[in-house]
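>>> I'll drop the sequence and a predicted model, then ask my questions.
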Amino acid sequence: MTHPEGLARRLCREELGRSLLAVEEICGLGSVNRVFALRLAGGEKLLLRLRPGALREYQKEVWCLRAAEAAGLPVPRPLLCGAEEDTAYLVEQFVEGRPGTTLSGEEALSLWRELGRFARALHQIPVQGFGLEWAGDNRFCDSFSPTLERQIAYNLSCLAEGDPVLALGGYPRSAQGSIRRLWAGLDPRRIPLGLCHGDLSPRNLLCGPGGATLVDFGCAAVHACPDYEVSSLERHSGDQWQAFLEGYGWSEARWAAHRPRYAALLLLRRVDTLRWYLGTLPPGEIDRQDPRLQDHLSQLRAALETAAPYLD
């Protein structure tokens, strides 16, 4: 990897025309990036993120941050994005604040309402395509499932006796017909797609005197709204979930009526992700003790529990 301090000094001097006083690595901020605070002359601070091979993801984040800012959302302002040798870099405004996970009581519930408002605004941003990968401009893509319609059709076609997901115990044979009917009832033409943050949670909100700032768009995707966004939120406590719905502008009755579609799409996504992972493994070399495989199976079984009330 490129030497972080040398890169930081060059970027500040040549790209920003600023003098860098100090570079401090921030540990525990993200699981895959190296993150640094850059202190400039005059007291300003910037954030530098580094990761080999992450240029396309960082470019996606820059686009998302700019689109979110244009939509009126409080997000860090991106300043520089590029690559040196094999190392991608992203320089953005440093946001002072404490993580939303440190709040409690009414402050925490207020933050969940903010999450709902942020999600609603994100889902209205004009985008095209379908998937997790940024394809330039406002278009996203997924080489494995290029459209939601194709995702549904592909997974329906796999629901047969030789399905490797069935062989792994991902779902019981007795549920195969019910799952087929559940997915067959999905009409992609009636499912709105929008920009989803992909990891919307209090840990990705920084709270300061001016309010909450939404960070980390690395998991952003164009997907079903609000289904894709809330798959990691509904499990939280009733008060938190109610606050999110309030911020999003939905009543509990509207969510209850919507929940069958949400459960069908969640199950579809978990099965589809497991199929994708199996496709990355060498043929005939599936290790049932593989931790990642077990994690995918665990998420699939949880989605089956969510869908259970709607499986006839």
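In hand now; what should we look at?

>>> which non-adjacent residue is nearest the residue nearest the centre of the chain?
By CA atoms, centre = their mean, the mean C-alpha position of the chain lies nearest to residue 198, the distance being 2.0 Å. Of all residues beyond its chain neighbours, the one nearest residue 198 is residue 219 (3.1 Å), with distances taken as CB to CB, 6 or more residues apart in numbering. All C-beta atoms are positioned from the backbone trio N, CA, C, and that covers glycine.

>>> mind checking the SS state of the one you found?
Each residue gets one of three states, and residue 219 gets coil by DSSP: H, G, I helix; E, B strand; the rest coil.

>>> How about the contacts made by the residue lying closest to residue 102 once chain neighbours are set aside?
Excluding the flanking residues, the one nearest residue 102 by CB to CB, 6+ apart is residue 207, at 7.8 Å. By CB atoms under 8 Å, 6 or more residues apart in numbering, the contact set of residue 207 is 97, 98, 99, 100, 102, 103, 111, 213.

>>> now these in JSON lines, with distance to residue 292 and secondary structure?
As requested, those are arranged in JSON lines below (distance: CB to CB, whole Å; DSSP: H, G, I helix; E, B strand; the rest coil):
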{"residue": "97", "distance to residue 292": "33", "secondary structure": "coil"}
{"residue": "98", "distance to residue 292": "32", "secondary structure": "strand"}
{"residue": "99", "distance to residue 292": "27", "secondary structure": "strand"}
{"residue": "100", "distance to residue 292": "28", "secondary structure": "helix"}
{"residue": "102", "distance to residue 292": "30", "secondary structure": "helix"}
{"residue": "103", "distance to residue 292": "32", "secondary structure": "coil"}
{"residue": "111", "distance to residue 292": "31", "secondary structure": "helix"}
{"residue": "213", "distance to residue 292": "32", "secondary structure": "strand"}
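
>>> Kindly export stretch 265-277 (C-alpha atoms) in PDB.
Coordinates of each C-alpha in stretch 265-277 appear next as PDB, following Å, rounded to 0.1, in the frame of the first residue of the first chain:
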ATOM      1  CA  LEU A 265     -38.100  -9.600  -1.300                       C
ATOM      2  CA  LEU A 266     -36.000 -10.200   1.800                       C
ATOM      3  CA  LEU A 267     -36.100 -14.000   1.200                       C
ATOM      4  CA  LEU A 268     -35.400 -13.500  -2.500                       C
ATOM      5  CA  ARG A 269     -32.300 -11.400  -1.700                       C
ATOM      6  CA  ARG A 270     -30.900 -13.800   0.900                       C
ATOM      7  CA  VAL A 271     -31.300 -16.700  -1.500                       C
ATOM      8  CA  ASP A 272     -29.900 -14.700  -4.400                       C
ATOM      9  CA  THR A 273     -26.800 -13.600  -2.300                       C
ATOM     10  CA  LEU A 274     -26.200 -17.200  -1.200                       C
ATOM     11  CA  ARG A 275     -26.300 -18.400  -4.900                       C
ATOM     12  CA  TRP A 276     -23.900 -15.600  -5.800                       C
ATOM     13  CA  TYR A 277     -21.500 -16.700  -3.100                       C
END
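
>>> in that stretch, what's buried?
By neighbour count with 16 or more other CB atoms under 10 Å, stretch 265-277 contains the buried residues 265, 266, 267, 268, 269, 270, 271, 272, 273, 274, 275, 277.

>>> was I right about the third one contacting residue 180?
No: look at residue 267 against residue 180 with CB atoms under 8 Å: they stay out of range, at 11.5 Å.

>>> Closest one of the contacts of residue 207 to residue 33?
Distances from the contacts of residue 207 to residue 33 were compared by CB to CB; the smallest belongs to residue 99, at 16.2 Å.

>>> Compute the number of surrounding residues for the closest residue to residue 309 other than its chain neighbours.
Distance criterion CB to CB, 6+ apart; nearest residue to residue 309, sequence neighbours excluded, is residue 263 at 7.6 Å. The number of residues packed around residue 263, counting by other CB atoms under 10 Å, is 21.

>>> confidence score at residue 263?
Each residue has a pLDDT score; the one for residue 263 is 96.

>>> Name all residues that make contact with it.
With contacts taken as CB under 8 Å, 6+ apart, residue 263 has the following neighbours: 182, 303, 306, 307, 309, 310.

>>> swap in residue 67?
Here residue 67 is in contact with 125, 138, 195 (CB under 8 Å, 6+ apart).

>>> Quick check on the contacts of residue 207: which are buried?
Buried by 16+ other CB under 10 Å: 97, 100, 103, 111, 213, out of these.

>>> mind listing the strands for the stretch 51-200 of the chain?
For the stretch 51-200 of the chain, the strands identified by DSSP state E, counting those that start in this stretch occupy 78-84, 87-93, 98-99, 128-129, 133-136, 139-141, 193-196, in order along the chain.

>>> Could you name the helices and strands sitting against the third one?
Packing partners of strand 98-99 (3 or more CB pairs under 8 Å, 6 or more residues apart in numbering; DSSP states H and E): strand 205-208.
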